[in-house]
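Peer 1: Turn this into a model:
(one chain, ligands or ions: 1)
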Amino acid sequence: MVARSRIQARLDDHVGQLVQCRRCPRMQSTPVSGGAVLSDVMLIGQAPGPREPVLERPFAHTAGKTLFRWFEEFCGLNESTVRSTIYFAAVCRCFPGKTPVGGDRVPAPDEIRNCSTWMNDEIKILRPQLIIPVGRLAIAQFIDCAKLEEVIGRKFRSGRAQHSFDLIPLPHPSGASPWHKVLPGKKLLERALNLIARHPAIRALQSERRLARRTQRSQRLE
Ligand code: SF4
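Peer 2: The predicted model follows:
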C-alpha cells in the first residue's frame, strides 16, 4: 500500500510537469493529459486533435466514441471506467496543427523525440503489464508497422525504458480510414479486441469493476 502511494505521488508529480511542457515551438496547443491514473495498462494514442485541448482529455471527440465503444463491446468497460482505470499517453501530447490541405499534421521526428521522454518516464513509473498503441504512428514506436495487417490481431512481447510488457496494437478509430471497417481489417480488429479482453491486466480491471458494482449495490440496500 505504501509502495502504491509512493508510485501515485511520482505519477502525480510527473503529470504536473508534463502539462507544463513547452518544448516544441510548432505545436498548436498545450499538452493534453488523461490524468495520473495508476494502472497496469497504458493506452498510447498518436497526438490530440483540435478538440482535445479544449475538452481537456484525450480521445474526446469522434475517434474516442469509436474507441470507447470497442472497449464496452469487447471488454465490458464503459468510457468512464476506461478513463479512470487505464493510463492514457500519446506519441505527442500537444495538437500539431493542420496541414495546408486540412488534415491534422503528423508530428515531426524532433517532436516525437522530445515527447518520448515523457512516455519513457511513464513506463518507468507504472511498469505496465500491457501497452495498447492505437494507430500506425503509436505502434511504430514499439514495433515495425509497415502493414497494419501484419500487426493487428496479434500480441507481441515488447520492451522500452528497461521494462518488458505485452503489446496489443489497435488501428486508429478515426473515421478518416476505413481500414477497420472492411475485411480483413474488421476481422483483425475483432481478434485484437478479444486478445485485449482476455489479457490478465484487463481481466483484473473487469474484476475490480464487478466488485465496485457489487459494493455499490449492497450499500444501496443497507
Ligand atoms: S509535444 Fe510533448 S514534448 Fe512537445 S511540447 Fe508537447 S508535451 Fe512537450
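
Peer 1: Tell me where this protein has strands.
Peer 2: 41-45, 87-90, 130-133, 156-160, 163-167 (DSSP state E).

Peer 1: and the third one, what other elements does it pack with?
Peer 2: What that stands for is strand 130-133. With contacts taken as 3 or more CB pairs under 8 Å, 6 or more residues apart in numbering; DSSP states H and E, strand 130-133 sits against strand 41-45, strand 163-167. In short, each C-beta sits where N, CA and C put it, glycine included.

Peer 1: Can you tell me which of the ones you listed is most buried?
Peer 2: Compared across those, strand 41-45 shows the largest average neighbour count, a mean of 25 (mean count of other CB atoms under 10 Å).

Peer 1: Distance from it to the middle of the chain?
Peer 2: Here strand 41-45 is found 3 Å from its chain centre; the criterion is CA atoms, centre = their mean, to the nearest Å.

Peer 1: Now do it and strand 163-167, the angle between them.
Peer 2: Relative orientation of strand 41-45 and strand 163-167, computed by axes from the mean of the first three to the mean of the last three CA atoms, to 10 degrees: 70 degrees.

Peer 1: Could you list every helix and strand in contact with the longest helix along the chain?
Peer 2: Secondary structure of the chain per DSSP state H: the longest helix is helix 200-221. Counting contacts by 3+ CB pairs under 8 Å, 6+ apart, helix 200-221 packs against strand 41-45, helix 62-75, helix 79-85.

Peer 1: can you put these in TSV and add distance to residue 218 and mean pLDDT?
Peer 2: Shown next, in TSV, are the helices and strands packed on helix 200-221 (distance: least, CB to CB, whole Å; pLDDT from 0 to 100):
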stretch	distance to residue 218	mean pLDDT
strand 41-45	27	98
helix 62-75	24	97
helix 79-85	19	97
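
Peer 1: Which of those sits closest to residue 195?
Peer 2: helix 62-75 (9.5 Å; CB to CB).

Peer 1: who touches the closest one?
Peer 2: 49, 58-59, 77-79, 82, 134, 170, 172-175, 189-190, 193-194, 196-197, 202, 205-206 (CB atoms under 8 Å, 6 or more residues apart in numbering).

Peer 1: Distance check, the residue sitting nearest the centre point of the chain against residue 30.
Peer 2: Against the mean C-alpha coordinate of the chain, by CA atoms, centre = their mean, the closest residue is residue 43 at 2.0 Å. Remark: distance between residue 43 and residue 30 (CB to CB, to the nearest Å) = 21 Å.

Peer 1: Kindly report the same for residue 91.
Peer 2: On the measure of CB to CB, residue 91 and residue 30 end up 17 Å apart.
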